[in-house]
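Novice: fold the stuff below for me.
(chains A and B)
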Amino acid sequence: MGKRLRNGLVLLLAMVILIPVAYGANTLDKIKKDVKIVIGVKTDYRPWGFLDPSGKYVGMEIDMAYDIAKRLGVKPELVTVQSGNRNEFLLAGKIDLILATMSESPARRQVLGIIDPGYYAGGTNILAKKSMGFKKWNDLRGKKVSGIQGAYYNRRVGELYGPEILSFPGIAEALTDLENGNCVAFLQDSTLIESMLNSRDPKWAGYEMPLPTEDERTWHMAVLKDEVDGPYGQFFKNLVIEWHKAGYFIELNKKWKLSPVPFLEEMHKKYK
Amino acid sequence: METTWQWFLWLYKTYGINLTVFYNAYDRHMFFQGLTLTLWMSVICIVLSIIIGIAGAWLQGSHLRMTRRIVYWYIQFFRNTPPLIQLYFFYFAVSQILPRFADSSGRMVLPVSNFGWAVISFSFFAGAFNVEIFRAGIEAVPTAMIEAAESLGYSRLRAYVSVVFPLAFRISLPALGNNLVNLVKTTTLAYAIAVPELLYVSAQIWSEEANVREMMYLLLILYICIVQVLIFGMDRLERHLRIPGYSI
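Specialist: As a prediction, the model looks like this:
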């Protein structure tokens, strides 16, 4: 038992240490060769990335994806990602670009090549029934709040305001828990909640976004970390600036019926 | 203790292997709670599923056709549907038709929490398989044994308790061990209804710290260890129950 156990442990330790490293990638060449760019997008985040009744990918970020492909002269291939798996898809080479409502953080900058500047901004807020009468963040203390696994605001809100956060794998499950009455609020990005309330869906008629929006973060695209300063990363950095300069995002905002975002106005002025 | 955790910080700085669950106190605490909940949930589900298995195998031999019918349909439902779908069904659908009652703050809440539904769902799931496993064990007891017990004056109940079930249990042990191992692994599904077990807290940690690979290795090793403990336990039980001279 002693020798077998020791050998088994050595084998496991070897497996742990030999963590595979992404060998030098050249995504731009691959894209030109395959004549296609694989972009990871959300499909449950109306109106940035969602599916229309026929199952086609539509949304603000999908529009951006098509524009990117057109400028590169290749075809776009869209892959559904979630907050919890988009990093892994990029690192595994399954997608060439993350364009999926992702905000930046120091931990994410360590692992991914975040493209600056950001293209959108959102803060944290909740969706709750008007009858609950929430006014301050501290009203959530000890209450059950549904959320999404992998979201960046979960830990911050959990530590600051003490709600009991139940994170679900997808938005649909989290909303169902809210509708069932098991949770009193749905913790989410303020922009998504606004778009849900603006959509005038009768389901959300008795709901509101009551709290002051906090912790505004900019949304960014991402590529592999060792390509972010190379030609591939530079292409996207220049592209975002060009988009801001032309007021492209402000147009898209109007097209998808979203309320004006001060961040977009600032960026448009800055780069004009 | 602190020096042990600091070694993992050194490991990260030197080799880039980021195991925050060791050197970060917040992650360590959350991970430990997840591990404890997984172990606790496994133990409760194992005990409940064995009780359900014994009860179901007993009821299958009942004289009443209704009882046999009910057990038959229970097994069909829980054996033929995937456990994740059963979990969703109980948590999102069944819980809605249950009566609510007022809690301390006056809100109307459901009587069963998500942990409760996970335990119920997994126990019934594994219990269905256990009923069949025990039935196979009971039917494998030679009829000669039962006839011998009858001729010695045992009543049906006494024969079941003293002769049939002890032998059936020993025969069922390998298959039962398999099923319980499966049950322990199935408990990871509870993450889908936000039960803070091991996989759920690991997902929270890796989305915050971006260390999926390291967490995956750690999770795999941990589950191998947990299941190994269970297998050792079943093995010891088998050897302890062995009847000298009988081939079981």
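Novice: hey, let's count contacts and neighbours off CA atoms from now on
Specialist: Fine.
Novice: distance check, A:V74 against chain B.
Specialist: Look at A:V74 and chain B: by C-alpha to the nearest C-alpha, to the nearest Å, they are 31 Å apart.
Novice: quick one: strands adjacent to the longest strand along chain A?
Specialist: Longest strand of chain A, by residue count under DSSP state E: strand A:120-129. Strand A:120-129 has these partner strands in its sheet, going by DSSP bridges: strand A:185-189 (antiparallel), strand A:207-208 (antiparallel), strand A:214-219 (antiparallel).
Novice: which stretches of the chain aren't confidently modelled?
Specialist: Picked chain A for this. Counting by pLDDT under 70, chain A contains low-confidence residues at A:1, A:14-25.
Novice: that's the other chain; I wanted chain B
Specialist: B:105-106, B:247-248.
Novice: checking B:H63 next. Helix, strand or coil?
Specialist: Assigned by DSSP: H, G, I helix; E, B strand; the rest coil, the conformation of B:H63 is coil.
Novice: what's the neighbour count on it?
Specialist: 9 (other C-alpha atoms under 10 Å in any protein chain shown).
Novice: before we move on, the earlier item: now the longest strand of chain A, how far from the chain's geometric center?
Specialist: 13 Å (C-alpha atoms, centre = their mean, to the nearest Å).
Novice: contact partners of that strand?
Specialist: For strand A:120-129, the external contacting residues (C-alpha atoms under 8 Å, 6 or more residues apart in numbering or on different chains) are A:134, A:153, A:184-191, A:193, A:206-220, A:261, A:263-264.
Novice: please list only the buried members of the residues you listed.
Specialist: Those of these that meet the buried threshold are A:134, A:153, A:184-191, A:193, A:207-211, A:213, A:217-220, A:264, by 16 or more other C-alpha atoms under 10 Å in any protein chain shown.
Novice: would you mind listing what in chain B touches chain A?
Specialist: Residues of chain B found near chain A, taking C-alpha under 8 Å from any C-alpha of the partner chain as the criterion, are B:17, B:92, B:96, B:109-110, B:191-195, B:203-204, B:207-210, B:212-214, B:217, B:221.
Novice: swap in 6 Å and give it another go.
Specialist: When proximity is defined by C-alpha under 6 Å from any C-alpha of the partner chain, chain B lies next to chain A at B:A194, B:S207, B:E209.
Novice: got these as a markdown table, with secondary structure and neighbour count columns?
Specialist: As requested, those are exported to a markdown table (DSSP: H, G, I helix; E, B strand; the rest coil; neighbours: other C-alpha atoms under 10 Å in any protein chain shown):
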| residue | secondary structure | neighbour count |
| --- | --- | --- |
| B:A194 | coil | 23 |
| B:S207 | helix | 21 |
| B:E209 | helix | 19 |
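Novice: tabulate those residues (TSV), appending distance to A:W256.
Specialist: Below are these laid out as TSV (distance: C-alpha to C-alpha, whole Å):
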residue	distance to A:W256
B:A194	32
B:S207	29
B:E209	33
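Novice: buried stuff in stretch A:254-267?
Specialist: Under the neighbour-count criterion of 16+ other C-alpha under 10 Å, stretch A:254-267 has A:L258, A:L264, A:M267 buried.
Novice: equivalent analysis for stretch B:149-165, please.
Specialist: Buried residues in stretch B:149-165 (16+ other C-alpha under 10 Å): B:A149, B:Y154, B:A159, B:Y160, B:V163, B:V164, B:F165.
Novice: equivalent analysis for stretch B:140-150, please.
Specialist: Within stretch B:140-150, the residues scored as buried using 16+ other C-alpha under 10 Å are B:V141, B:I146, B:A149.
Novice: ok so the first one is a helix residue?
Specialist: No: counting by three-state DSSP, B:V141 is not part of a helix but coil.
Novice: re the thing from before, nearest to chain A, of the buried residues of stretch B:140-150?
Specialist: B:V141 (35.3 Å; C-alpha to the nearest C-alpha).
Novice: which residues touch that closest one?
Specialist: B:V141 makes no contacts at all, as judged by C-alpha atoms under 6 Å, 6 or more residues apart in numbering or on different chains.
Novice: could you point out which element follows the top helix by length along chain B?
Specialist: Identified as the longest helix of chain B according to DSSP state H is helix B:25-60. Sequence-wise, the next helix or strand downstream of helix B:25-60 (DSSP states H and E) is helix B:65-80.
Novice: quick one: work out the angle between that following helix and helix B:25-60.
Specialist: 150 degrees (axes from the mean of the first three to the mean of the last three C-alpha atoms, to 10 degrees).
Novice: hmm, who's touching helix B:65-80?
Specialist: Here helix B:65-80 has contacts from B:Q60, B:F125, B:A128, using C-alpha under 6 Å, 6+ apart.
Novice: please redo it, this time with the cut-off set to 7 Å
Specialist: B:G56, B:L59, B:Q60, B:S62, B:F124, B:F125, B:A128, B:F129 (C-alpha atoms under 7 Å, 6 or more residues apart in numbering or on different chains).
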